[in-house]
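**Q** build me a model from this:
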Amino acid sequence: MLKRNRIKIIVTLGPATKTEKDVVKLKDKGVDLVRINMSHSVLEDLRYFIDLAKKVDIPFIVDTEGAQIRVGDLIDDVVEFREGDIVKICAQRIIGSREKINLTPLSVVKQLEAGSLLFFDFNTLVMKIADTTTIKDGYILARVVTSGRLGKNKAVIVVSWRKQHFNLPVLTEKDKQSIKLGIEHGVRYVAVSYVRRGEDIDEVRKFTDNKMLIISKIEAKESLENLEPIIERSDAILVDRGDLSKEVPVEKIPFIQKLILKKAHTMDTPVYIATNLLESMIDHKKPTRAEVNDVVNTILDGADGLILSAETALGKHPMECINMMRRLIRHSELVKNIDTINYFSDTYEGTLIPPHGGKLIERFIDKLPPDINRMKKIKLREELLMDIEQIAIGGYSPLEGFMCQEDFDSVLDHMRLKNGIVWPLPIILDISQEQADVIKVGDDVALVNDLDDVMAILHVEDKFKLDKCKMINKVYGTTDSRHPGVKMVLDMNPILLGGKIDLFRRRSSPFKEYELTPRQTRQLFNDKNWIKIVGFHTRNVIHRGHEFIQLAAMERFNCDGLFVHPVVGKKKKGDFCADYIVKSYEKMIQDIYPPNSVVFAIFPVFSRYAGPREAVFTALCRQNFGCTHFIIGRDHTGVGNYYHPYESHKIFNEFPDIKIKPVKFDTICYSTKYKKYLERKDIPLDRKEDFGITDISGTVIRDMLKSLKTPPDWMMRTEISSIILEALNNKEKVFIGE
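**A** Numbers count the residues shown, from 1 in each chain. Next comes the predicted model:
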């Protein structure tokens, strides 16, 4: 018996999903079983896809063609018939035309009766049997009563003048060969088409020598008449709503589906639903509201599995289709009690990774309090204004304000907040002793910019002395004042204020148009139907090494998209100015990246140069923006030689409870011999010269650009370097401090 532990996603493979890479992605996205449509496939196709599924280690279902009445082969892909045409229906295999066709199984022609109507392929063409006396000559005659087009291998529904059951075998010869092939390759599942009686299952079980679990497909009216014995003898039921609607009025299908689900569940038999679940996504990236409603109600009615057919076999957006199905399943499974879920909240996250700490923090006020003019004021430098804004929009979730002493000490000592949530860097507000003398715990303080505009309100919960020595040692691991992070702390004021903040006004910036909040990126990712997103942190213009690890990370972890999120706040001397970081990535998105695969936004914070601690910090922030994965390069967020190049890799091993997954890369090199990019760890030490290896160095690239030299295209794309060189030739400021 198949287990009924969770809702399964079953996918039909085909031209849109025919490579190993495709099937790896399907498995990664949570697909449980795969199949192909044997009505439109041959045994060689079956062998190919079984081998592919075995290679990827995803269970396969042999799906039989079944003895349905179908049209045989045709001279053209589509043949047009006009009302009044007389057509021969032959009892032997032929190549059909407008004058004659054949039906399969061949034996069915002799069972047809004069006066019966033949409905072809969802009723687009209708014929009436006019004369059966010619069967002695190997054919009968039919007259076209409704004009239409006919394709090869299309289904035929017979409506006779009386109730008539055709003598059709449950397995065709092709089906038997398919099952044998499946058993030879260890396939455990067979979906049997057009099961009409309980005895059909007995026959199939005997043929498989009880080596396969049987999924009985309900797609004929006769199946409904024998429903209970079919359910009783099956390992699972598959309701094919498409074929069933050829024999049953379409308005009855929703009620039949509910009836089958109810009956099967009383017998503890799983039920899978197929056909037209997300049909519009064959061509479009989003389903219709009617499809969403249908799928959700199907799940709520108790479906154990959902089957995607043409959507993944032939559609333009098979991966987006899986993502959408996962979203619908997740939403439906959350509805234990629909009255307890706030579906009107616009912060509901669906299938995206939850923010760090479980909740996206948002702290805004629409108007200042009446006593604002009586409040004490603290004028903040730009970096603190950046921190306030990130706290308020949720970029630093779960922080709701500047740290109080217990959190501050816990972060320094354990890289966790006092409640145990991972947080590696202190987010603090430093003030002078003079300011501290007039501010007490419990006060509300106005935080202002250089123009004395009130930007936010601080609700003071704590006031304590900054232990600079402890912070420097714990965060940076060095007391060298040449370290930019150490210097930053040494320049701080001596007293810290802790407490929650409320943002009233966002800071102005020349790059504001490129900013996105976590709420916005999450909505954007949802709108793009992305679930797995890899984030990229940088403070530099893009070079080929960056491009390689970005695309490699997407492929390695089967991510739906890339979120490029460069830092544009205060940086050290020699770093690229933000304008050119933005311009380089705009060029990449317009002309170079794969279409619709990248979202770009700036991250308006400042570099803290804290090496491994900052690597964790930058990852957690990107989780808040909706990223599931985050690229950690060699010496990520490092500076000088203060940290071991792989320290930022190793630190993540200390935090198994972090949800965002680090994607670790070594130094990226270029092989002039093989014309490809490699990680240094993948190059044998004794064969470096054989590979013609050259490191891709950001420092070398900057030095070449400063000398007005064009880096080789394999090091930095010419389209990018030309932007920088043009600016330098025009005497524009490209680098910080120069």
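
**Q** give me phi/psi at V170?
**A** For V170, the backbone dihedrals (degrees, to the nearest 10) come out as phi -70, psi -30.

**Q** walk me through the domains of this structure.
**A** Dividing the chain into domains by automatic domain parsing, as the record does, gives the ranges 8-65+171-339, 70-159, 372-503, 513-665+697-729.

**Q** ok, and the closest non-adjacent residue to the most centrally placed residue in the chain?
**A** The geometric centre of the chain, computed from its C-alpha atoms, lies nearest to I531 (Cα atoms, centre = their mean), at 3.2 Å. Excluding its sequence neighbours, the residue lying closest to I531 (Cβ to Cβ, 6 or more residues apart in numbering) is N323, at 4.9 Å. In short, each C-beta sits where N, CA and C put it, glycine included.

**Q** same question, V156
**A** Nearest one to V156, counting by Cβ to Cβ, 6+ apart, is I69 at 4.4 Å.

**Q** gap between the residue nearest to I531 and F525?
**A** Using Cβ to Cβ, to the nearest Å, one obtains 10 Å as the distance from N323 to F525.

**Q** compare these two (neighbour count), which wins?
**A** Comparing N323 with F525 by neighbour count (other Cβ atoms under 10 Å), the higher total belongs to F525, at 25 against 21.

**Q** quick check: which element contains the residue nearest to the more buried one when sequence neighbours are not counted?
**A** Closest residue to F525 in three dimensions, ignoring its sequence neighbours and counting by Cβ to Cβ, 6+ apart: G626, at 4.9 Å. Assigned by DSSP states H and E, G626 falls within no helix or strand.

**Q** tell me the contacts of G626?
**A** Contacts of G626 were listed using Cβ atoms under 8 Å, 6 or more residues apart in numbering, and they are L352, I353, P518, T521, R522, F525, I533, F563.

**Q** longest single strand anywhere in this structure?
**A** When the chain is scanned for its longest strand (criterion: DSSP state E), the result is strand 454-465.

**Q** where along the stretch 51-200 of the chain do the strands fall?
**A** In order along the chain, the stretch 51-200 of the chain carries the following strands (DSSP state E, counting those that start in this stretch): 60-63, 70-71, 78-81, 86-90, 100-104, 117-120, 125-131, 139-146, 148-151, 156-159, 189-192.

**Q** can you tell me the strand partners of the fifth one and which way each runs?
**A** For strand 100-104, the paired strands and their directions (DSSP bridges) read strand 70-71 (antiparallel), strand 86-90 (parallel).

**Q** same list, the ones you listed, but as CSV with mean pLDDT and mean neighbour count please.
**A** Supplementary listing: the strands paired with strand 100-104 in CSV, determined by pLDDT from 0 to 100; neighbours: other Cβ atoms under 10 Å:
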stretch, mean pLDDT, mean neighbour count
strand 70-71, 88, 22
strand 86-90, 95, 20
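
**Q** for P656, which of these is the nearest?
**A** Across the strands paired with strand 100-104, the minimum distance to P656, taken as Cβ to Cβ, is reached by strand 70-71, at 55.2 Å.

**Q** give the buried residues for stretch 467-482.
**A** Buried residues in stretch 467-482, counting neighbours by 16 or more other Cβ atoms under 10 Å, are found at D467, M471, I472, K474, V475, Y476, G477, T478.

**Q** hey, C-alpha coordinates of that stretch in PDB?
**A** As requested, the backbone C-alpha atoms of stretch 467-482 are provided in PDB (Å, rounded to 0.1, in the frame of the first residue of the first chain):
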ATOM      1  CA  ASP A 467      34.000  48.300  26.400                       C
ATOM      2  CA  LYS A 468      36.100  49.100  23.300                       C
ATOM      3  CA  CYS A 469      38.900  46.700  24.100                       C
ATOM      4  CA  LYS A 470      36.500  43.700  24.500                       C
ATOM      5  CA  MET A 471      34.600  44.600  21.300                       C
ATOM      6  CA  ILE A 472      37.700  45.000  19.300                       C
ATOM      7  CA  ASN A 473      39.200  41.700  20.500                       C
ATOM      8  CA  LYS A 474      36.000  39.700  20.100                       C
ATOM      9  CA  VAL A 475      34.800  41.000  16.800                       C
ATOM     10  CA  TYR A 476      38.000  41.600  15.000                       C
ATOM     11  CA  GLY A 477      40.500  39.300  16.700                       C
ATOM     12  CA  THR A 478      43.200  42.000  16.500                       C
ATOM     13  CA  THR A 479      44.100  45.300  18.200                       C
ATOM     14  CA  ASP A 480      45.900  46.700  15.200                       C
ATOM     15  CA  SER A 481      44.600  50.200  14.700                       C
ATOM     16  CA  ARG A 482      45.400  50.000  11.000                       C
END
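
**Q** quick one: mean pLDDT over it.
**A** Mean pLDDT, stretch 467-482: 95.

**Q** contacts for that stretch?
**A** The contact list for stretch 467-482 (Cβ under 8 Å, 6+ apart) reads 412-413, 425-426, 483, 485-487, 489-490, 492, 494, 608-611, 613, 640, 642-643.

**Q** can we see that at 7 Å?
**A** 412, 425-426, 483, 485-487, 489-490, 492, 610, 613, 642 (Cβ atoms under 7 Å, 6 or more residues apart in numbering).

**Q** so can I have TSV of these showing distance to E251?
**A** Listed next are the contacts of stretch 467-482 as TSV, based on distance: Cβ to Cβ, whole Å:
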residue	distance to E251
L412	68
L425	61
P426	65
H483	74
G485	69
V486	75
K487	75
V489	72
L490	77
M492	73
A610	65
R613	63
Y642	72
